[in-house]
Each structure stands twice: as C-alpha cells, then as structure tokens.
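Novice: I need the structure of the sequence given here:
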Amino acid sequence: MTDAEYKIGETFMCLYHNGNFYNAKILGIEEIEGVNHYVIHYIGWNKRYDEKLPFGSERMSKGSVGELGWVESERQIPDSEQSSDSQRFDVGEEFVLMSRYKVPYTANVVEIKQIENRNYYVVRIHGWAPEYDETLAFGSIRMLKGTVQEYYSRRARIRND
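Specialist: Purely as a prediction, here's the structure:
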C-alpha cells in the first residue's frame with residue numbers, strides 16, 4: 001500500500017476527460033483490487049461525475065484552478081469577489097480570451113456597457129474585424145489576466161508539478 005499524497009477533505013485540481021482542469025475534493029479512500037484509490041468530487045458538479053482515481057494519478061495536481069488565472073464557473077464566485085482586481089478589466093486592456101473551444105486568443109476590451117442593470121465587456125480578438133466582437137458578462141470564465149504565453153507557461157508548470 002502506498003501512502004496517501006492527499007488527505008480526505010483536501011481540494012486540488014483534477015484533469016478531467018475533456019483536457020481541462022477543474023477544482024475537486026477528496027471524499028474518501030477505497031481499495032480496489034489491492035490498489036488504493038481516491039474518491040473525488042468535482043466541486044460544484046453533480047455527484048454522478050464523482051470518480052475513483054488511483055494514488056499517484058497524473059490527473060491530480062496540488063493547487064486550485066484559480067492559479068491558472070481563471071475560475072470554473074460564475075456561480076462559484078462569491079458576489080464580493082466578482083469585481084475583484086483579478087477579474088476586473090478596463091477599456092483598452094489586453095487579456096487572454098478563451099474561445100468556446102478552449103483556444104486562447106489575445107484580445108482587448110473595447111467597451112464596457114450596461115444591459116438591464118448588468119455590466120458587460122465588449123471584447124475584440126487582435127486582428128479580427130469589429131463584426132466579430134463579443135459581449136461578455138463581468139466575471140466571465142473566458143477572460144483571463146495575462147498573455148497567451150503566460151497562460152501556456154502556467155498550464156505547463158502545473159501539469160509538470
């Protein structure tokens with residue numbers, strides 16, 4: 001039997017089957033056919049997605065998804081933190097915009113507007129025409145501080161830890 005690297009109740013990042021990291025929590029430890037497994041729960045997900053991963057699984061990394069520079073879902077961000085500096089962008093500010101297919105692009109905030117008492121960013125990917133601008137709610141999980149190069153560096157560092 002191998003010693004546990006994680007403790008019950010500990011949170012960590014888990015590489016899901018789609019290739020993205022999500023915050024998860026250790027619910028317990030089970031032995032399956034002589035091999036110890038962690039019982040994990042993806043935070044904010046239905047329990048049907050809970051998994052059992054063997055000790056030493058490369059899909060598990062210490063830390064949180066926030067260390068990658070993004071958050072998993074808006075519902076997990078407390079209202080008091082939604083306007084924090086880490087998620088606030090100014091007009092003209094350059095940032096990483098994650099496409100719907102998880103491809104990072106360099107983009108700028110071109111406008112901040114209010115629709116039905118909610119704040120939104122109008123964003124443009126560098127080199128793209130204005131007709132492709134997107135309107136994203138404040139706190140959008142697709143907007144990351146930093147550059148595309150920094151994003152890839154953080155992601156590689158976390159995968160190697």
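Novice: CA-only coordinates of the helix ranked longest in the chain in CSV, if you can.
Specialist: Criterion DSSP state H: the longest helix present in the chain is helix 148-160. Output of helix 148-160 as CSV, limited to C-alpha atoms (Å, rounded to 0.1, in the frame of the first residue of the first chain):
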residue,chain,number,x,y,z
VAL,A,148,-1.3,33.8,-24.1
GLN,A,149,2.4,32.9,-23.5
GLU,A,150,1.9,33.3,-19.7
TYR,A,151,-1.3,31.1,-19.9
TYR,A,152,0.7,28.3,-21.6
SER,A,153,3.6,28.6,-19.2
ARG,A,154,1.3,28.3,-16.1
ARG,A,155,-0.6,25.4,-17.6
ALA,A,156,2.7,23.5,-18.4
ARG,A,157,4.1,24.3,-15.0
ILE,A,158,1.0,22.9,-13.2
ARG,A,159,0.9,19.8,-15.4
ASN,A,160,4.6,19.1,-14.6
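Novice: Domains in the chain, by residue range?
Specialist: Using automatic domain parsing, the domain parsing of the chain gives 11-63, 70-160.
Novice: mean pLDDT for those domains: which is lowest?
Specialist: Mean pLDDT values for the domains of the chain show the minimum at domain 70-160, a mean of 80.
Novice: which residues of this protein fall in helices?
Specialist: Along the chain, counting by DSSP H, helices occupy 79-82, 148-160.
Novice: what phi and what psi does the backbone show at residue 19?
Specialist: Phi and psi for residue 19, reported as degrees, to the nearest 10, are phi 90, psi 10.
Novice: Distance check, the residue nearest to it when sequence neighbours are not counted against residue 149.
Specialist: Residue nearest to residue 19 in three dimensions, not counting chain neighbours: residue 102, with 7.4 Å by Cβ to Cβ, 6 or more residues apart in numbering. C-beta here means a position set from N, CA and C on the backbone, and glycine is covered the same way. As judged by Cβ to Cβ, to the nearest Å, residue 102 and residue 149 stand 17 Å apart.
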